[in-house]
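# Please work out how this folds:
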Amino acid sequence: MNEYVQKKLADVGIKVDFDVVEWNAMINMWRAGAKAEIGKGANGINFTYFIQDPFTAFIRHLDSKLVAPNGTNWGYYQQPEMDALFEKARTTFDAAAQDEVLRQVHEKIVDEALFLFVTHDVNPRALSSKVTGFVQAQNWFQDFSPITMK
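Numbering: from 1, shown residues only. Next up is the predicted model:
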């Protein structure tokens, strides 16, 4: 996946070099922040992470209070407008109003190009009632041979 992203970025003139490290070393680099010696002067980090809720998707990566050693805002992003949106998301309890605040957070992330989102879906799901024979594997290997379409 890294090589694919590297090639696609090169196609638009962005040169990327990777310093591949062991997973636990990556976690230590992420938690230490961009200014730490362990990061070896990197200006980006390729860290796979789940985004199941607003905190893990947005806040932990961008809240100015969560820079190292207080959290995992790796790049030391500090923007009062974003912090205000996070505070509003934390204190808004109407679901529709909270969705609107989180939409603004997401829009700001996209507009400022703060992350390069890449999905490498290793857990396919069959969602159509026309699909038969699909059995979700309980591991990383998925057998597609018994699948048919009605």
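# make it CA atoms for all contacts and neighbour counts henceforth
Will do.
# Tell me which other helices or strands the longest helix seen in the chain touches.
Looking across the chain with DSSP state H, the single longest helix is helix 95-111. Helix 95-111 sits against helix 80-91, with contacts defined as 3 or more C-alpha pairs under 8 Å, 6 or more residues apart in numbering; DSSP states H and E.
# Which stretches in this protein count as helices?
2-11, 23-32, 54, 60-62, 80-91, 95-111.
# out of those helices, which comes closest to residue 131?
helix 2-11 (30.2 Å; C-alpha to C-alpha).
# If you average the pLDDT over the closest one, what comes out?
Across helix 2-11, pLDDT averages out at 93.
# how about that helix as PDB, C-alpha atoms only?
What follows is helix 2-11, C-alpha atoms only, in PDB (Å, rounded to 0.1, in the frame of the first residue of the first chain):
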ATOM      1  CA  ASN A   2       2.800   2.400   0.800                       C
ATOM      2  CA  GLU A   3       4.400   1.800  -2.600                       C
ATOM      3  CA  TYR A   4       1.100   2.500  -4.300                       C
ATOM      4  CA  VAL A   5       0.600   5.800  -2.400                       C
ATOM      5  CA  GLN A   6       4.200   6.700  -3.100                       C
ATOM      6  CA  LYS A   7       3.800   6.200  -6.800                       C
ATOM      7  CA  LYS A   8       0.500   8.000  -7.000                       C
ATOM      8  CA  LEU A   9       1.900  11.000  -5.200                       C
ATOM      9  CA  ALA A  10       5.000  11.000  -7.500                       C
ATOM     10  CA  ASP A  11       2.600  11.100 -10.400                       C
END
